[in-house]
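>>> no sequence for this one, just the structure:
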């Protein structure tokens, strides 16, 4: 018999070309009065924020803009945003951007109703009250932070990415409009697209995976495999952007309810220590950790290969079929220009610290295979030395 489950979904979901134009009507229905619009300066300068504020202006919705968010948002970003939220007497938030503004908005929303310092909320479900209402508008096909209960904030003092997993932070309205993604550069499209693929793959094999999360994760992998390279190489291709938008969106619904795993645990440390872009960190580590996890769920890795377009019927064994999934991920990453770990700021002398933090990361518990600190060190070093292996042996 299947166990009872809580499934977390935003109350209102607006998806597809032109969907951002519907936010005014939905905000008005909710009786919300003044927004703190959380974003970054690049999105203001490129005119993407104006596409949102034009809708707000036409609908008579008041707002003030907070655009100081960093690519890896910090505790200072959160508390500066909260101060402006309170100073301007805002009653809800609009987040415009990728994961950085989305996560910052979630943190501000939690503090606005719960109080305290954001470091108090690290871990699982530390808040007691729902965040202020959030209208989460995604401008990248990657993080899916507009639909998830997770948010990540960097503690500058510890050089550590804090992981918060909290249903109280779930946005009220999620918006995924591919027309807002047409101006994204190729490098960012590649990184965020592989972040989405990591979400789908980790959600599919996570300990918490179940029938619904499996179904949508599998579809997400199919969409990303079909459209990512085209979206990177043809940024103005609305069909490719739409396919990636759907792929990212449903991957988020999957992992938010099933969990993630070791890829994210290890990638968080690279972001916290070196300020490495999250999607790039995921993309670098993903194939090595797929190899590590493969023997925990061989059939699922064969399924992943099939979803990524591999002809698994030609494989001599289910293990060989699973290895085809790893090969496909490496091929995609190479085709869209993801660097190697050696080409980043990663320093082998830091590996003990990074492994300790990754082992304690909130995402590690959902990994399909038990892991030790020595395993994590070995994976970092395999990635650094570009040493793929069919199976990593756990000590």
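Alright, I've got the coordinates. From a predicted model like this one, the values you see are computed outputs, not experimental measurements.
>>> Tell me which helix or strand residue 309 sits in.
Counting by DSSP states H and E, there is no helix or strand that carries residue 309.
>>> right, and the helix or strand after the longest helix along the chain?
Identified as the longest helix of the chain according to DSSP state H is helix 211-233. Sequence order places helix 238-258 as the next helix or strand after helix 211-233, per DSSP H and E.
>>> And the strands in the stretch 51-200 of the chain, which stretches?
In the stretch 51-200 of the chain, the segments counted as strands under DSSP state E, counting those that start in this stretch are 62-66, 92-97, 123-124, 134-138, 150-155, 160-165, 173-176.
>>> could those strands go into TSV alongside mean pLDDT, mean neighbour count and distance to residue 386?
For glycine as for every other residue, the C-beta is placed from the backbone atoms N, C-alpha and C. Below are these laid out as TSV (pLDDT from 0 to 100; neighbours: other Cβ atoms under 10 Å; distance: least, Cβ to Cβ, whole Å):
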stretch	mean pLDDT	mean neighbour count	distance to residue 386
strand 62-66	98	18	41
strand 92-97	97	29	33
strand 123-124	89	12	34
strand 134-138	97	30	33
strand 150-155	91	24	27
strand 160-165	88	22	25
strand 173-176	96	28	35
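>>> May I see the buried residues of the longest helix of the chain?
Using 16 or more other Cβ atoms under 10 Å as the test for burial, helix 211-233 gives 213-214, 216-225, 227-229, 231-232.
>>> cool, stretch 262-273 as well?
Result for stretch 262-273 [16+ other Cβ under 10 Å]: buried residues 262, 263, 264, 265, 266, 267, 268, 269, 270, 271, 272, 273.
>>> from these, which single one is nearest residue 356?
residue 269 (9.1 Å; Cβ to Cβ).
>>> May I have the residues that are in contact with that closest one?
161, 354, 357, 358, 361 (Cβ atoms under 8 Å, 6 or more residues apart in numbering).
>>> Residue 168 now?
110, 114, 125, 127, 128, 129, 130, 131.
>>> where does the stretch 251-395 of the chain have low pLDDT?
Judged against pLDDT under 70, the low-scoring parts of the stretch 251-395 of the chain cover residues 389-395.
>>> quick one: average pLDDT of the longest helix of the chain?
For helix 211-233, mean pLDDT is 97.
>>> and the direction of it versus that of helix 238-258, what angle?
Helix 211-233 runs at 150 degrees relative to helix 238-258, counting by axes from the mean of the first three to the mean of the last three Cα atoms, to 10 degrees.
>>> Local confidence estimate at residue 98?
For residue 98, pLDDT reads 89.
>>> repeat for the one 4 residues further on
For residue 102, the pLDDT comes out at 95.
>>> That one contacts residue 95, doesn't it?
Yes - the pair residue 102 / residue 95 is scored as a contact, 4.9 Å apart, by Cβ atoms under 8 Å.
>>> which neighbours do those two share?
With Cβ under 8 Å, 6+ apart as the test, residue 102 and residue 95 both reach 136, 146, 171.
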